[in-house]
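*Asks:* Compute the structure for the input listed below.
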Amino acid sequence: MPDPRERKSAYREKRRRARERPCDCCGATPPFCWQCRKCGFTICTDCMNENVWGMSCNGITWECPDCGGQNGFGNQ
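*Replies:* All right, here's what the predicted structure looks like:
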């Protein structure tokens, strides 16, 4: 019988897979990445800080460079 501590819920597995997705800009796999809700474009915090001038006009939302979808920074 499998040990219950080794079994992970479907939610935890989904979150773990989302964290393992590499940055589409630099290819790094940091612990946190911004992700587009519409197409799944992933960008790490370092790349976001370098490119926020072209992806956001108000500092509250950012526009995905792949699909043009609007995503929030979560600060409002």
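*Asks:* what about this protein, any weak spots by pLDDT?
*Replies:* Across the chain, the ranges flagged by pLDDT under 70 are 1-8, 15-19, 76.
*Asks:* What ranges does it have for its helices?
*Replies:* Listed in chain order, the helices of the chain (DSSP state H) span 10-19, 45-55.
*Asks:* Tabulate the ones you listed (a markdown table), appending mean neighbour count and distance to G27.
*Replies:* Yep, even glycine has a C-beta here, placed from its N, CA and C like the rest. Putting the helices of the chain into a markdown table (neighbours: other C-beta atoms under 10 Å; distance: least, C-beta to C-beta, whole Å) gives the following:
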| stretch | mean neighbour count | distance to G27 |
| --- | --- | --- |
| helix 10-19 | 10 | 15 |
| helix 45-55 | 13 | 10 |
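*Asks:* do you know which of those lies nearest G69?
*Replies:* The closest approach between G69 and any of the helices of the chain, judged by C-beta to C-beta, belongs to helix 45-55 at 11.3 Å.
*Asks:* what's next to that closest one, contact-wise?
*Replies:* With contacts defined as C-beta atoms under 8 Å, 6 or more residues apart in numbering, helix 45-55 is touched by 23, 25-26, 28, 30, 32-34, 43, 59, 62-65.
*Asks:* Could you count how many residues lie near F41?
*Replies:* Neighbourhood size, F41 [other C-beta atoms under 10 Å]: 19.
*Asks:* if we can go back for a sec, just the contacts of helix 45-55 now: which is nearest G72?
*Replies:* The closest of those to G72 turns out to be W62 (C-beta to C-beta; 7.8 Å).
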